[in-house]
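> can you look at this prediction? I've put the sequence above it.
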Amino acid sequence: MKIGKQTHKCSGISTSDAETVTIRGLDLCEDLIGKVSLTELFALMTMGSLPNAGQTAIINAALVSIAEHGLVPSIQAARMTFAAAPEAFQGAVAAGVLGCGSVILGSVETCGKLLVEILDRVEKESADLETVAAESVANIRKLRKPMPGFGHPQHSDGDPRAKRLLALAREHNVDQRHVDLLYTLEKSVPEAFGRALPINVSGAIAAVLLDAGFPVTALKGVPILARTASLIAHVNEEQSRPIGFVLSGNATEGIEYDGPARS
């Protein structure tokens with residue numbers, strides 16, 4: 001049984017034959033290897049063309065900013081998985097990637113979609129940007145949802161990674177539409193949420209990448225790609241400095257059983 005549309009059977013990313021590999025119309029060996037960075041190749045495959053210097057700098061900075069942040073859940077999952085299955089390096093990395101969801105790393109995509117939706121509404125309805133932004137924030141609060149791209153349990157006075165990314169966007173003269181909207185949303189947060197919430201790294205990544213021309217449909221891939229580099233490093237360290245079972249043991253000690261007593 002065939003599922004889904006069967007009419008479009010093409011891909012525009014790459015092809016190969018006995019002598020060559022072609023990626024987006026460029027020869028892998030002649031045009032890319034030794035000439036472009038992994039960041040540029042990632043942009044080429046995702047965006048369809050090689051990025052300019054400003055786009056490369058922004059995408060690279062976004063990847064660097066979100067790659068590592070200590071023993072977060074995705075890292076713990078990877079290290080404990082490797083402790084239990086040391087023959088499966090790829091399985092441990094995959095376990096960490098699978099731990100990247102709407103709460104951890106996924107808010108980049110959520111914030112990006114919000115920014116795009118607001119700007120689309122402003123354009124289609126010829127509406128006031130500040131009014132639409134305030135309504136969007138109020139609606140998020142009404143639905144009792146977290147404000148994507150804002151707030152951080154550790155960086156409560158402002159996420160230093162976000163500040164650096166936003167400064168870089170200005171330095172490289174990247175279009176500021178989405179960044180300006182991010183600041184507009186920040187102004188609306190206190191009234192809706194009862195307190196200020198600073199822009200976090202996820203919000204900054206979403207805004208600067210969209211301003212750099214990165215597709216909103218691929219935003220989730222940026223933190224996943226970045227965190228994969230960190231996962232590989234942690235799984236590698238787990239082989240010589242294992243803490244996977246320590247993490248597991250601490251969980252056992254830290255969580256109390258409150259189920260029914262033995263009869």
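Sure thing, it's come through. Numbers count the residues shown, from 1 in each chain.
> quick one: Ala196 from Leu50, how far?
Distance from Ala196 to Leu50, counting by Cβ to Cβ, to the nearest Å: 40 Å. Where C-beta positions appear, they are placed from N, C-alpha and C, glycine not excepted.
> before we move on, what about Arg24?
From Arg24 to Leu50 the distance is 8 Å (Cβ to Cβ).
> mind telling me what element the residue nearest in space to the middle of the chain is part of?
Taking Cα atoms, centre = their mean, the centroid of the chain lies closest to Pro223, which sits 2.9 Å from it. Assigned by DSSP states H and E, Pro223 belongs to helix 221-240.
> these two touch, right, the residue nearest to the centre of the chain and Ile205?
Yes. Contact criterion Cβ atoms under 8 Å: Pro223 and Ile205 qualify, at 7.2 Å.
> now do the shared contacts for these two.
By the contact definition Cβ atoms under 8 Å, 6 or more residues apart in numbering, Pro223 and Ile205 are jointly contacted by Ile66, Val108.
> where do the helices sit along the stretch 101-250 of the chain?
107-125, 129-142, 160-171, 177-193, 201-211, 221-240, 244-254 (DSSP state H, counting those that start in this stretch).
> which one, of the ones you listed, ends up nearest to Gly12?
When the helices of the stretch 101-250 of the chain are compared by Cβ to Cβ, helix 221-240 sits nearest Gly12, at 17.0 Å.
> counting neighbours, what do you get for Gln76?
For Gln76, the count of nearby residues is 21 (other Cβ atoms under 10 Å).
> host element of it?
Counting by DSSP H and E, Gln76 is part of helix 73-84.
> tabulate the helices of the stretch 101-250 of the chain in CSV, adding columns for distance to Glu87 and mean pLDDT.
CSV is the format used below for the helices of the stretch 101-250 of the chain (distance: least, Cβ to Cβ, whole Å; pLDDT from 0 to 100):
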stretch, distance to Glu87, mean pLDDT
helix 107-125, 33, 96
helix 129-142, 45, 96
helix 160-171, 35, 94
helix 177-193, 44, 96
helix 201-211, 34, 96
helix 221-240, 11, 97
helix 244-254, 14, 93
